[in-house]
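1. Got a sequence here, can you model it:
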Amino acid sequence: MATYVFSDIHGHVEPLKRALERINPTESDVFYCLGDMIDRGPSSLDTIKVIRALPNCTVLMGNHEQLALQALAPEANIEAQFMWQINGGDATLAELKTLSEEEYCELIAWLQTLPLYAIVEVQGKDFVLVHAGVKSNGVPVPTAWDKASLEQYLNKQSENDLLWIREDFWQHPTDFRTSDASYPIVICGHTPTPLLESFGAKNLNRSATTEGGLAQWVQSDDDKWGIDTGTTGGAGYGQVTILRLDDLQEFVEPLQEGE
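-> This is a model prediction of the structure:
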């Protein structure tokens, strides 16, 4: 059994498939997708299909899934539809129109069930998995963390922060680090790792793997790991990265032209 995390595929299913072929998942493996399966890329529906077929896979809500649900809601206003459109939703909307009514309703119902976070223990280490990050909101924190205290803390986070936060997360140590020597580590996507410096991330420790000369997953302040390796940048820049938490091995596949 091994535990894998990845994020922000954004409809680029082919490099995801190549990375998974290298992993060759078994039925005992566990996967976590940290959101943003859709938008911008050419194959959002195939991306969802591949992810849902993974063994023991937990999929979290990303800000793009949130945008889609808001824009597709019966009561959606023009602003919600425009926000999805300018964030790459047109590509996904065109694909959704190819579904039958039954397929469409099933997919929307599934997206509505996606959780905002997950907590996982691997090799005795606790990890908090979210799409964008968490916000230190000044509430008292325990002197030691366990699953119950983590759940309580995360339940006090706003949905907007969990899905959209950037500077307020990357510029400061988390509350987890300030409380206990064996603090949990937050793993997130949302902000492409090559851009973390521009969002104020400090004490960066980039992974040793730099295939093609591009940065892969990143550690910041020892309590934050970013795994969005920039699929939104397209071929020549973007990559799909899957990280195995058991031994921190990366499975990296660059986007090729047309993918």
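2. residue boundaries of the helices in the stretch 151-259 of the chain?
-> 159-164, 167-170 (DSSP state H, counting those that start in this stretch).
3. How about exporting the first one as CSV, limited to the C-alpha atoms?
-> The reference is to helix 159-164. Listed next in CSV are the C-alpha coordinates belonging to helix 159-164 (Å, rounded to 0.1, in the frame of the first residue of the first chain):
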residue,chain,number,x,y,z
GLU,A,159,-14.6,27.8,2.3
ASN,A,160,-13.1,30.8,0.5
ASP,A,161,-9.8,30.4,2.3
LEU,A,162,-9.5,26.7,1.8
LEU,A,163,-10.2,27.1,-2.0
TRP,A,164,-8.6,30.5,-2.8
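4. Pull out the buried residues from that helix.
-> Asp161, Leu162, Leu163, Trp164 (16 or more other Cβ atoms under 10 Å). (Each C-beta comes from the backbone N, C-alpha and C, glycine too.)
5. So for the closest residue to the third one other than its chain neighbours, what's the pLDDT?
-> Right, Leu163. Of all residues not flanking Leu163 in the chain, Asn63 sits nearest, at 4.3 Å (Cβ to Cβ, 6 or more residues apart in numbering). You'll see Asn63 listed with a pLDDT of 98.
6. among the helices and strands of this protein, which has the poorest mean pLDDT?
-> strand 204-206 (a mean of 81; mean pLDDT, DSSP states H and E).
7. And that one, what's buried?
-> Buried, per 16+ other Cβ under 10 Å, within strand 204-206: Leu204, Arg206.
8. same thing with stretch 79-94?
-> Ala80, Gln81, Trp84, Gly88, Gly89, Ala91, Thr92, Leu93.
9. what's the distance between Ser100 and Leu114?
-> According to Cβ to Cβ, to the nearest Å, Ser100 stands 22 Å off from Leu114.
10. Point out where the stretch 101-250 of the chain drops to low pLDDT.
-> Scanning the stretch 101-250 of the chain with the threshold set as pLDDT under 70 gives 207-215.
11. related to what we said a few turns ago, next up, the contacts around the residue nearest to Leu163.
-> Listed by Cβ atoms under 8 Å, 6 or more residues apart in numbering, the contact set of Asn63 reads Gly35, Asp36, His131, Ala132, Leu163, Trp164, His190.
12. make it 10 Å
-> Contacts here follow Cβ atoms under 10 Å, 6 or more residues apart in numbering; on that basis Asn63 touches 35-36, 39, 87, 131-132, 159-160, 162-165, 189-190.
13. nearest residue to Asp223 other than its sequence neighbours?
-> Asp223's closest residue in space is Arg177 (Cβ to Cβ, 6+ apart), at 4.1 Å.
14. That neighbour touches Asp222, doesn't it?
-> Yes - with contact defined as Cβ atoms under 10 Å, Arg177 reaches Asp222; the gap is 7.1 Å.
15. the more surrounded of the two?
-> Arg177 (18 against 13; other Cβ atoms under 10 Å).
16. And the most centrally placed residue in the chain, how close does it get to Val13?
-> Centroid-nearest residue in the chain, with Cα atoms, centre = their mean: Leu34, separated by 2.7 Å. The gap separating Leu34 from Val13 is 17 Å, by Cβ to Cβ.
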